[in-house]
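A.B. asks: sequence first, predicted coordinates after that:
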Amino acid sequence: MKVKYIAEPYAHDGFEKEINDFIKDKKIIDIKFQENFSLSEDYEDGMKSALIMYEEHEDESMGSLYKL
């Protein structure tokens, strides 16, 4: 099992695309999401993150070489 951590500023619109691009050729075990947001009179900021647990797909052509 491998782990990938992706974090972006809250206002960034490419978060979902980045996740989808990363997972498209992986076997996903789990994805954990987290959002943090701070707000004050003069300041607001936030982050969103994803922890992706995955496995690489076996290359079927290579796997067949080792089957008897």
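C.D. replies: Structure received.

A.B. asks: what are the buried residues along stretch 10-28?
C.D. replies: 15, 19 (16 or more other CB atoms under 10 Å). Where you see a C-beta, it was placed from the backbone N, CA and C, and this is true even at glycine.

A.B. asks: contacts for it next, please.
C.D. replies: Identification of contacts with stretch 10-28 by CB atoms under 8 Å, 6 or more residues apart in numbering yields 4, 6, 8, 31, 35, 37, 45-48, 50, 52-57.

A.B. asks: which of these fall in strands?
C.D. replies: Mapping those onto strands (DSSP state E) picks out 4, 6, 8, 31, 35, 37, 45-48, 50, 52-56.

A.B. asks: now the buried members of those residues.
C.D. replies: If you count burial by 16+ other CB under 10 Å, the buried members of the ones in strands among the contacts of stretch 10-28 come out as 8, 48, 50, 52, 54.

A.B. asks: list the contacts of the nearest residue to the fourth one once chain neighbours are set aside.
C.D. replies: In space, and not counting its chain neighbours, Ile52 is closest to Lys4: 4.5 Å by CB to CB, 6 or more residues apart in numbering. Taking CB under 8 Å, 6+ apart as the criterion, Lys4 is in contact with 22, 51-52, 54.

A.B. asks: nearest to Glu41, of those?
C.D. replies: Glu41 has its nearest neighbour among the contacts of Lys4 in Leu51, at 32.3 Å by CB to CB.

A.B. asks: what's around the spatially closest residue to that closest one that is not a sequence neighbour, how many residues?
C.D. replies: Spatial nearest neighbour of Leu51, chain neighbours left out: Lys32 (4.4 Å); criterion: CB to CB, 6+ apart. By other CB atoms under 10 Å, 10 other residues sit near Lys32.
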